[in-house]
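Novice: quick one, structure for this:
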Amino acid sequence: MAPAKKEFEHRVAAIEALNLATPSPEVTAALRKALADKNNFLVSKAAAVVGNQGLQILTDDLLSAFARFLKDATKTDPQCWAKNAIVKALRQLGHSDAAVFIQGTAHVQMEPVWGGSTDTAAGLRGLCALALVDCILPAKQLLSQLVDLTADKEKIVRVEAVRALSGTGLEEAELLLRMKALAGDREAEVTGQCFLGLLELKASGAVVFVEKFLTADEELQFEAISALGVAPQAEAVDALIRYWKATQETDVIRALGLSKHPAAVDYLVDLCESGPSMAASIAIEALAKGRFREEVRVRTGGALARRDDGSLLKVFDRFFKT
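Specialist: Below is the predicted model:
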């Protein structure tokens, strides 16, 4: 190994070792020096330690490093390693001044790749969108920033912007999420995040709203099913059962396995006892992978014993006895 590479690896290891060190003036001094380094990877490691250690005394150093890596960014911070780590650290420290995060949401960093270029700052914009939720900002300004990001050209940014909207807990966010869902997105995952946001906000009529998308195209159907599966509302279980009875769509059974509501477990156990063989097989797997695994082992086994179907009992053994 070349001496320069070996020395650099030693420097990285020394910084990472500070994660386990007791906070002290010496630790702070070492991290401050590392944050001032020109190497973006080294700074990313130092920023992670600062966040993990909760060293608010180094907040200004983090902000200075972020500003430094915004300049000539493709050369100073390829892949946005430093900037991403700095934003994560600032969030860990509870930094509530929105200025740095607003800068981050506006940053685009085109880097060369085979056959063209790619924007490596999409992840950064997404991180900053989420960070804005905890900042001191008037509601209108916060929502304006996030709405703009729901139209970003990169999917990850749009998804995180939608997550941030629901994270605000604001009543106005419900209307914006509905509008985004109804307007649609070229990526179904973004609309699916709108469904999740509305359900997490426990918005009025959220289950009915999401249920309407069960008759949309295949990708949106899947997103709606998945969102209803993890919904906090008990009526989401009823919506899924209705859809299952109408369509026999097996994704519904898997979604019921993710539900936190006992009614979902009850229905899956009933499928194990008297549902179609394929549905019963999937229900066994869903129950085994769900959060109620240990609680339903005996019930599921009893239902299958009453059914007395050897092939399904083998499925039970495979998922519950391994």
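Novice: quick check, pLDDT for residue 115.
Specialist: pLDDT recorded at residue 115 is 79.
Novice: same question but for residue 293, I mixed them up
Specialist: 83.
Novice: relative to residue 260, how far out is it?
Specialist: According to Cβ to Cβ, to the nearest Å, residue 293 and residue 260 sit 13 Å apart. (Each C-beta comes from the backbone N, C-alpha and C, glycine too.)
Novice: for residue 36, same thing?
Specialist: Using Cβ to Cβ, residue 36 is found at 48 Å from residue 260.
Novice: helices of the stretch 101-250 of the chain, residue ranges please.
Specialist: 122-132, 139-149, 155-167, 171-183, 188-200, 206-211, 218-229, 235-247, 250-258 (DSSP state H, counting those that start in this stretch).
Novice: for the ones you listed, which one sits closest to residue 65?
Specialist: Nearest to residue 65 among the helices of the stretch 101-250 of the chain is helix 122-132; the distance by Cβ to Cβ comes to 13.8 Å.
Novice: what's next to the closest one, contact-wise?
Specialist: Contacts with helix 122-132, where a contact means Cβ atoms under 8 Å, 6 or more residues apart in numbering, come from 80, 83-84, 87-88, 90-91, 95, 98, 101-107, 109, 142, 145-146, 149, 152, 154, 156-157, 159-161, 163-164, 167.
Novice: go again with 7 Å.
Specialist: 80, 83-84, 87-88, 90-91, 98, 101, 104-105, 107, 142, 145-146, 149, 152, 154, 156-157, 160-161, 163-164, 167 (Cβ atoms under 7 Å, 6 or more residues apart in numbering).
Novice: contact partners of stretch 253-267?
Specialist: 225-226, 228-230, 234, 237, 240-241, 244, 268, 271, 279, 282-283, 286-287, 289-292, 296.
Novice: among the residues you listed, name the buried ones.
Specialist: Listed as buried from the contacts of stretch 253-267 are 225-226, 228-229, 237, 240, 244, 268, 271, 279, 282-283, 286-287, 290, 292, 296; burial here means 16 or more other Cβ atoms under 10 Å.
Novice: for residue 272, give me its contacts.
Specialist: Neighbouring residues of residue 272 by Cβ under 7 Å, 6+ apart: 280, 283-284, 300, 303-304.
Novice: as a markdown table, the residues you listed with secondary structure, pLDDT and distance to residue 28 would be great.
Specialist: Converted to a markdown table, the contacts of residue 272 look like this (DSSP: H, G, I helix; E, B strand; the rest coil; pLDDT from 0 to 100; distance: Cβ to Cβ, whole Å):
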| residue | secondary structure | pLDDT | distance to residue 28 |
| --- | --- | --- | --- |
| 280 | helix | 97 | 61 |
| 283 | helix | 97 | 56 |
| 284 | helix | 96 | 55 |
| 300 | helix | 94 | 55 |
| 303 | helix | 95 | 61 |
| 304 | helix | 94 | 61 |
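Novice: would you show me how to pick out the buried ones of these in ChimeraX?
Specialist: Buried members of the contacts of residue 272, defined by 16+ other Cβ under 10 Å, are picked up in ChimeraX with:
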select :280,283,284,300,303,304
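Novice: hmm, back to that, reformat the helices of the stretch 101-250 of the chain as TSV; add distance to residue 275 and mean pLDDT.
Specialist: Shown next, in TSV, are the helices of the stretch 101-250 of the chain (distance: least, Cβ to Cβ, whole Å; pLDDT from 0 to 100):
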stretch	distance to residue 275	mean pLDDT
helix 122-132	41	98
helix 139-149	43	97
helix 155-167	34	98
helix 171-183	32	96
helix 188-200	26	98
helix 206-211	22	98
helix 218-229	17	97
helix 235-247	9	97
helix 250-258	9	96
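Novice: switch those over to JSON lines; also include distance to residue 313.
Specialist: Listed next are these as JSON lines, based on distance: least, Cβ to Cβ, whole Å:
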{"stretch": "helix 122-132", "distance to residue 313": "47"}
{"stretch": "helix 139-149", "distance to residue 313": "51"}
{"stretch": "helix 155-167", "distance to residue 313": "42"}
{"stretch": "helix 171-183", "distance to residue 313": "43"}
{"stretch": "helix 188-200", "distance to residue 313": "36"}
{"stretch": "helix 206-211", "distance to residue 313": "35"}
{"stretch": "helix 218-229", "distance to residue 313": "26"}
{"stretch": "helix 235-247", "distance to residue 313": "23"}
{"stretch": "helix 250-258", "distance to residue 313": "18"}
